[in-house]
Every structure is written in structure tokens, then in C-alpha cells.
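K.L.:
Build the 3D model from these lines:
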Amino acid sequence: MTHVLPAATATEPVRCPHFGPCGGCTSLDIPYADELRAKEEKLKTAFSRHAELERAPFLPIIGAQEPLLYRNSIKVPFGWSKSGPVAGFFERRSHHIVDLETCLIQHPKLTEVLLATKAIVAELKIAIHDARTGRGMLRHLVARIGEGTGEMLAGIVVQAKGYGKIRGLADKLLERLGGAGLVGVVQNIHSDDEDHAILGDETIPLAGRAWINEVSDGLKLRTSLQTFMQVNSAQALLLYAEVMWMLADGTAMPGKEPLAEQRIVDLFCGVGPIALRAARAGAHVAGIEYSADAVKSARWAARANGLSERALFHAGDAAQQLEKLSEAGPIDAIVVDPPRRGLSDRLIKALLNSPARRLVYISCDPFTFARDLALLKPGFALGAVRGVDLFPRTLHLEAIALLRRT
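P.N.:
Predicted structure coming up:
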């Protein structure tokens, strides 16, 4: 894969009226090209802490062609001021909310959803939840857009169900933005002020659908607010192309597709974007995901894309499921894309004990990434490492590595 050069904005800082106090992004004040260099250094710094990763084979970082207005999901808290409701990102190192009127990293339509929601909350005089007193109902707005379809879904996170004004908010929001692509509004219940997660376990449809359809690289996908999707659709396409390149790793037989008849396990598969691409390329794929909701969406996508016979999805713990699959037969390659905390000790052991000849590891935290790669070193040799900037104008970085069985 070739290095993707960033757009013209790479050479200049970007101006935003909220930048500075707002914690939504951190790097608008430097040229994007400098940001990319800093991220490459961050990745190399993480690796330098482990002697096992000395001389790691780094490839050039893949920068974003468009480093602004890319985020396809938004999660913002609500608060109250003397002039009415406010909604936006927290100030850095604070719980004070910056009341957003614009945002240079969010998709513009999601900013439109935020502003419309805030206006309706003011109209209906909906009580904002205050964790200090336990009073009030409205906590967060969560919304997502499918770049390939334009469909949007909004979620209203509340302290408890049964508050009639929330349904009024949902109806008015769908009425105002239905023509702009909003297909549904749901209510999520989160009553625990000690739990710092944004979403609770229970979600109730209020108006329209509880999911959006998406099309990515010709694949039909379906996602809800609870299921994981990469926040940068354009960069995700480049990331998945890199995954497919690393999965193939010179395994093509003459006259066949690179992954034809390969047996691949996709751990933390989400709604199936990688598993379905591998199945489309001729592989037999087992996708493993803890979220039953995501597995349901992945199975729908397998049917919708005519890949049900090649892509099978299972709900469960990644380590436990991999142990079972390793006992059941040969595995050519494994893809693993864990949460920020990285791999558990049990999963590290299961990967080392698996029969897989190749491992592709995707990470959103360079330091847990490097830690895990060092722990995998006894069984795998590091073949390639590359940063992929899925989070322009922030400190975060996605990275990917190819490992080969020693």
C-alpha cells in the first residue's frame, strides 16, 4: 500500500471559534503535516520501551486526504446555563461544557442534529440531569451518520424512562430533520451516575428506526448506536485495504484470489466490515464479537451481501472462542481489533497457542499495542507496522501490524 498524502490544509493551522477551551480536538493550531510527524514519533516512542521491538519495520503513516469534518458519530453531554440549555464537548481537564455552535471535526449534518436537539430541548423546557443533585432527566445526545447512505440515527440518553417530553423531543427532531436524512430517534436509559460510560444497557425506539443502513466499498452494512464502527469512514476504507494486503501476505496461489479458501478468524469483529471483505475475497471467516447486537447486524450484512456461507458470526468472549476454533481445525490468519485497553492475558496465550500462520493486529492505542506485540514476540515475528490516522486533529492514532509465525 502507498502512503496517502494529506490535503492542502496540511501546511497551515485551522481556525475554529471554540478551539482552545474545547476538548473535542487538540491540534488545529499546527499544520497537519506536523501532526502526522508527531504521531509517527509517538508510535515509535511506544515501541522504544520494549527491547523485543527493536528495529521494528515501520512503514510511512497513512494521513487523511481530508483531515476536517470527518467524524461520523457524535457524543455530547447536556448542561444548563443562565441563557438556557448547552451541549458540546467538555473543556480540557474540566467538566464545564463548551456550548458548540460549529465543529471542524464532526460531520456537518451531525452538528445540525446537535443544534436542532438543543433548540427543541429549550422549546419543551426539558430538565437537564444534574449528577450532583440527582435531579433532571436529559444527559447526552448520541448520533451517527452513514457516509455511504446519508442515513442518520439520534439517541437521547436519559436518567429514567417514562418522561413524556422525551418522546415529544424525538417526534419534533424526526419531523425537522427527516428530510435531511434522520431515519430514527431512540431513547437510551443510563441511571448510574457512578458509571462514566455514556450509554446504558437499555435502548427504546421512540420515532422511526433503531438502526441505519450503510454502504462501504460496495458492502451493505447495518449499525445501531450501541455497535462499534470506525469514526472516520474515508480513513476506515484505507485501513481495511491495509488489513486485506497484510492478510494476503503473498499467499495467493497461481490463478486464485490472494485469500481464496483461506480460513480466517476476525476477533472483535463488530458488525463485520473486515470479515465481509475477507469473505468476498474468497476466504472462510469466523467473526467473533462480544456484543450480541453487533453479531445480529453482522449476520444481517452477511445475508444482504450474499456471503452467509463464507462469513459466520458468533457472540462470545474472544479468547474462549479462539480456543474452541483452534481445537476445531486449521487457521491461516487471525485479525484482532481490541478496545483501547488491548489484549487480555488469556487472549495473548490463545493467540500464541493457535495454529494461525499470520496475525494482523489493529490498535487505537500505541502503548498497549506495543506492549501486546512484545508479549506476542515468542510466537510471531513482526513483519510490518504502520500508523493510520483515523483521528486527525486529535492526539489519537490507529496503528496496524502484520505478524508471521516463527
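K.L.:
Leaving out the residues flanking it, which one is nearest to His396?
P.N.:
Cys364 (6.5 Å; CB to CB, 6 or more residues apart in numbering). Any C-beta I mention is one placed from the backbone N, CA and C, and that applies to glycine too.
K.L.:
Just give me the neighbour total for that neighbour.
P.N.:
Neighbour count of Cys364, defined by other CB atoms under 10 Å: 19.
K.L.:
so it sits right up against Arg340, yeah?
P.N.:
Yes: counting by CB atoms under 8 Å, Arg340 is a contact partner of Cys364 at 5.5 Å.
K.L.:
picking up where we left off before, mind listing what the residue nearest to His396 touches?
P.N.:
Cys364 makes contact with 339-340, 390, 396-399 under the criterion CB atoms under 8 Å, 6 or more residues apart in numbering.
K.L.:
Sitting in strands, which of these do you find?
P.N.:
Those of these mapping onto strands are 398-399, per DSSP state E.
K.L.:
Narrow the contacts of Cys364 to just the buried residues.
P.N.:
390, 396-399 (16 or more other CB atoms under 10 Å).
K.L.:
a helix runs through Thr133, doesn't it?
P.N.:
No: checked against DSSP: H, G, I helix; E, B strand; the rest coil, Thr133 lies outside a helix; its state is coil.
K.L.:
low-confidence ranges in this protein?
P.N.:
Within the chain, the stretches with pLDDT under 70 are 1-11, 252-256.
K.L.:
What residue spans form the domains of it?
P.N.:
Each domain of the chain is listed here as a residue range: 51-64+226-405, 73-216, per automatic domain parsing.
K.L.:
quick one, strands of the stretch 301-406 of the chain?
P.N.:
For the stretch 301-406 of the chain, strands defined by DSSP state E, counting those that start in this stretch occupy the ranges 311-315, 333-336, 358-363, 380-388, 398-405.
K.L.:
one step back: export the contacts of Cys364 as TSV, with columns for distance to Glu54.
P.N.:
Listed next are the contacts of Cys364 as TSV, based on distance: CB to CB, whole Å:
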residue	distance to Glu54
Pro339	27
Arg340	25
Leu390	27
His396	25
Leu397	21
Glu398	23
Ala399	17
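K.L.:
just the contacts of Cys364 now: which is nearest Ala381?
P.N.:
Comparing the contacts of Cys364 against Ala381 with CB to CB places Ala399 closest, at 17.5 Å.
K.L.:
quick one: buried residues of stretch 76-89?
P.N.:
76-80, 85-89.
K.L.:
swap that for stretch 89-99, please
P.N.:
Result for stretch 89-99 [16+ other CB under 10 Å]: buried residues 89-90, 97-99.
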